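[1] When you get a sec, could you give me coordinates for this:
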Amino acid sequence: MGTDETQGADEREGGRAQAQVPGGDAPAASADGARATSTTDVRPTDDPVFAQEQRHLTETCGRLRGLADDLERRLRENLAEIEAFKGGMSDELATNLDDSAGSMETYAEYAVMNNVVDSFNLTIDADAESLRRVRLLLGKPYFAKVTLQFPGRPRPRDVYLGAAGVADERHRPIVVDWRSPVAETYYSQQTGPMTYEANGRTVAVDLKVRRQFDITGERLNAYFDTTVAIQDPLLLASLSERRSSRMQAITATIQREQNEVIRHEDAPTLLVRGVAGSGKTSVMLQRIAYLLYRDRASLNADRVCLITPNKVFERYIWDVLPQLGERNPRTVTWPELARRLGAGDRGLGEGVTREALREIDERAAGFVPELSDLTEVHAGERSLISIEQIMKVVERFARVATGPRLMTLVQDELRDRLDRRIEQLAHAESVHDEVDALDADTQDRLFGMVVHAEDEEQATDLARQYLAATCGPAYEQVDDFGWLRVDRIGMRLLGREGLSATEWLCLKMDVTGKVDADARFVMIDEVQDYAAGQLMVLARYFSRAHFLLLGDPNQAIRSGTASFDEIREVFREARGQVDECALMTSYRSSPEITDLFARLLPPAERIQVSSVQRPGEAVEVRCLATGDELVDEVARRLRAVAGEPGLTAVVVGSRKRASWLGRRLVQVMGDDAPVLVEKANGLPDAGGALLDLALAKGLEFDRVIIADAQADEYGADDLSRRRLYTAISRATKRVTILAQGPLTPLLAEAVADGVVTTDGREPQGE
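    The predicted structure is shown next:
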């Protein structure tokens, strides 16, 4: 494949990225001023490496299409065969159930049929999974190649990396999954001798070539031999693409520091601190995909829980894992989780401290329920277990130690009592009358047909089915300890009413011990937005899970949230070990935007932040005297970029301000006004979006207009500094800062240094 020639060229360029672009322009300078080499008038026939890679791509696409055709044919044949088999067996099976010998023979025949059907299903499932992977690759077969020299092998081996792994009929890899151990050699972003871990052993290799591809369908647009992340041509091309309403996977452009997080060894808690735009959310999603691949024999998406800031953010990331061929995990916001666990819509407890929860722990120790702490078990209007009956069960276990063990024993007994109560009701004449009185539609829904009992036995059987369908909530009430009045318990033990969701959940866990022991991994994005008490509840509730926590302390835009020191303490106390990683490179914003928001960081952090983006536009600042002038200026800016691709976001500090500005912009712009983004809706696919800072956090846009950068909105305090840092860092290419009145003092240094441009008016106001 021309390995020696390529390696020699790599050495001549001193390890810099080399781009081969047929008929293309010379690559733009990278962030550090270096320029990748290129031959501007090269045609595929003039470059033997390009021609060979195009032939390989064409061959790979043909093999993938052939695999897809074969798999589709096998699936059709197996489905037809299994249907024919089941039809034939059904005709042949004896149905003699009148005597024990006949019954045993019939059951044995059914068992044989079921075993054959199960075998067919396993084959069909395996072929369907293979077909899914092949179809995933048909759009873009691979994005990179590494050429590896293994010890004792006469020739180097080419490994092509893609979003999924596919092998031929002889189990030889066509494309290797990016999550496989050997792919670590690509993400190390260097050439030469190295090692990787596979199946518990260390494999030594010599990486000869690290090559990236720009591919469209079956067409090779360019290839890049690259070793240095800062000069990553595919990364720069990806960063220059317009932003949309959906986040995209970064598999082809994962950088070394990001890869360290994605492939980090298991730890009870992994805390990732990253500057704005460092790819924290992308890394989190890639790590989920990596874990699902690595532990595919024992882990499925249902055992991973992702806790997101809001529904807008959830929709923004929703397509990433399916792009990688994986199902999305359980995904909830904190309010949703609190509601699902029974806390309702009470206050979320965003300022609850660890000390407050420890007091609840102390007061709940030794809890024994009283009559007033209980409520009856019921299904609709039907009472099934009374308060007095529940109290008798409690008293029955009086010798058992107090606490969750006692409540679990009571719960088990209540479940048995509920079974007996349902069976008792199934024989009751009144319930038989209820079944007889059901209309035809309800009977069809419950029983699959319109029924009429011929005798007492049939009437009882129908009543059982009816009760099973209508009394399900009662079983849920028993299983979820819904027969305990947690608010009443809190009032009795703590002497106060109105528990927040955080306090309510803590008390319920103290009393019942009910937790989620099934989740293996829990990911919390924007962790700096949670109070220490909320994090304590999450650490306790997901009792056996490993946690990935991602955040930026400089994006803590609400008071009362946990510092990173508190976050460490919470999880050290709950889990023991806390590993940490830092992401200090910003991949999102242009150098001009990065420089501006970095000025809002503490000095020690400011000097660590860098951008890999190409130089862009200067940040504009303008002060307006009145609200009318501000609205007109926002409208003018939006109209000026209306024809440009990508998204423009108008960001303001509060929901109230967003509503006001939204109404005024509709008056001025009509149907061209930006979409007002609220919790219930998502981002538009293009054009303009108006949203408050809390919803904007975690998202990114091509252009951002900050429409309330006045001193009374962003003062000189630390919270204002973090809020402005967050607002500015949403943008990738252009930021416009508008103020109604005097400009925030936080930008005085940037104005004085000429980092931002003004319109010549005094930026400190009229």
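
[2] Please tell me how far stretch 630-646 is from the chain's geometric centre.
    Centroid displacement of stretch 630-646 relative to its chain, using CA atoms, centre = their mean, to the nearest Å, is 32 Å.

[3] what comes up buried for it?
    630-631, 633-635, 637-638, 641, 646 (16 or more other CB atoms under 10 Å). Quick note: C-beta positions are derived from backbone N, CA and C, even for glycine.

[4] One more: stretch 617-633?
    Quick answer for stretch 617-633 (16+ other CB under 10 Å): 618-624, 630-631, 633.

[5] Low-confidence stretches in the stretch 251-400 of the chain?
    Across the stretch 251-400 of the chain, nothing is flagged by pLDDT under 70.

[6] how about the helices of the stretch 301-450 of the chain, start to end?
    311-317, 320-323, 334-340, 354-364, 387-396, 404-426, 429-436, 440-447 (DSSP state H, counting those that start in this stretch).

[7] So for the fourth one, what gets flagged as buried?
    Just to be clear, that refers to helix 354-364. Neighbour-count burial for helix 354-364 flags 354, 356-357, 360, 363-364 (criterion: 16+ other CB under 10 Å).

[8] one step back: so which pair among the buried residues of stretch 617-633 is furthest apart in space?
    A618 and V631 (24.1 Å; CB to CB).

[9] Name the nearest residue to L161, sequence neighbours excluded.
    Closest residue in space to L161, ignoring its immediate chain neighbours: A144 at 4.6 Å, by CB to CB, 6 or more residues apart in numbering.

[10] Repeat that for P193.
    Nearest to P193 is D206, by CB to CB, 6+ apart, at 5.2 Å.

[11] out of the buried residues of stretch 630-646, who's nearest Q608?
    Using CB to CB, the buried residues of stretch 630-646 come closest to Q608 at G646, 28.9 Å.

[12] how close does that closest one get to L738?
    20 Å (CB to CB, to the nearest Å).

[13] now P553
    In terms of CB to CB, P553 sits 27 Å off from L738.

[14] which one is L337 nearest to, not counting chain neighbours?
    Using CB to CB, 6+ apart, the closest residue to L337 is I307 (7.0 Å).

[15] ok, what's across the strand from that neighbour?
    V332, I524 (DSSP bridges).

[16] residue contacts, E713?
    653, 720, 744 (CB atoms under 8 Å, 6 or more residues apart in numbering).

[17] tell me the SS of the residue nearest to P193?
    Classification of D206 using DSSP: H, G, I helix; E, B strand; the rest coil returns strand.

[18] And it, what's its pLDDT?
    The per-residue pLDDT reported for D206 equals 95.

[19] partner residues bridging it?
    Q149, P193.

[20] Likewise for the one 4 residues further on?
    On the basis of DSSP bridges, R210 is bridged to V146.

[21] list the contacts for it?
    Neighbours of R210 in contact, by CB under 8 Å, 6+ apart: 144, 146, 185-186, 189-191, 225-227.

[22] before we move on, what about A556?
    If you count contacts by CB under 8 Å, 6+ apart, A556 has them with 528-529, 722.

[23] Make a markdown table out of those and add secondary structure.
    What follows is the contacts of A556, written out as a markdown table (three-state DSSP):
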| residue | secondary structure |
| --- | --- |
| Q528 | helix |
| D529 | helix |
| R722 | helix |
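
[24] So what does the residue lying closest to G662 once chain neighbours are set aside look like in phi/psi?
    Distance criterion CB to CB, 6+ apart; nearest residue to G662, sequence neighbours excluded, is L676 at 4.1 Å. Dihedral pair for L676: phi -80, psi 110, per degrees, to the nearest 10.

[25] mean confidence for the top helix by length along the chain?
    Identified as the longest helix of the chain according to DSSP state H is helix 48-92. Regarding helix 48-92, the rounded mean pLDDT is 84.

[26] so where's the stretch 101-250 of the chain uncertain?
    For the stretch 101-250 of the chain, the ranges with pLDDT under 70 are 101-118, 120, 226-250.

[27] quick one: the strands in it?
    Ranges of strands in the stretch 101-250 of the chain, per DSSP state E, counting those that start in this stretch, are 144-149, 157-162, 166-167, 173-177, 192-198, 201-216, 219-225.

[28] Identify, from the contacts of A556, the entry nearest to F481.
    For the contacts of A556, the nearest to F481 is D529 (29.2 Å; CB to CB).

[29] hey, where'd the helices end up in the stretch 151-300 of the chain?
    Using DSSP H, counting those that start in this stretch, helices in the stretch 151-300 of the chain cover 184-187, 233-240, 256-262, 280-294.

[30] Mind listing what's buried along the longest one?
    Neighbour-count burial for helix 280-294, with 16+ other CB under 10 Å as criterion, is recorded at 280-293.

[31] helices or strands next to it in the packing?
    helix 256-262, strand 269-274, strand 304-308, helix 320-323, strand 521-524, strand 546-551 (3 or more CB pairs under 8 Å, 6 or more residues apart in numbering; DSSP states H and E).

[32] let's see 7 Å
    Counting contacts by 3 or more CB pairs under 7 Å, 6 or more residues apart in numbering; DSSP states H and E, helix 280-294 packs against helix 256-262, helix 320-323, strand 521-524, strand 546-551.

[33] now swap in the shortest one and tell me
    When contacts are defined as 3+ CB pairs under 7 Å, 6+ apart, helix 184-187 sits against strand 144-149, strand 192-198, strand 201-216.

[34] The longest one vs strand 219-225, what angle?
    I take that to be strand 201-216. Going by axes from the mean of the first three to the mean of the last three CA atoms, to 10 degrees, strand 201-216 is angled at 140 degrees with respect to strand 219-225.
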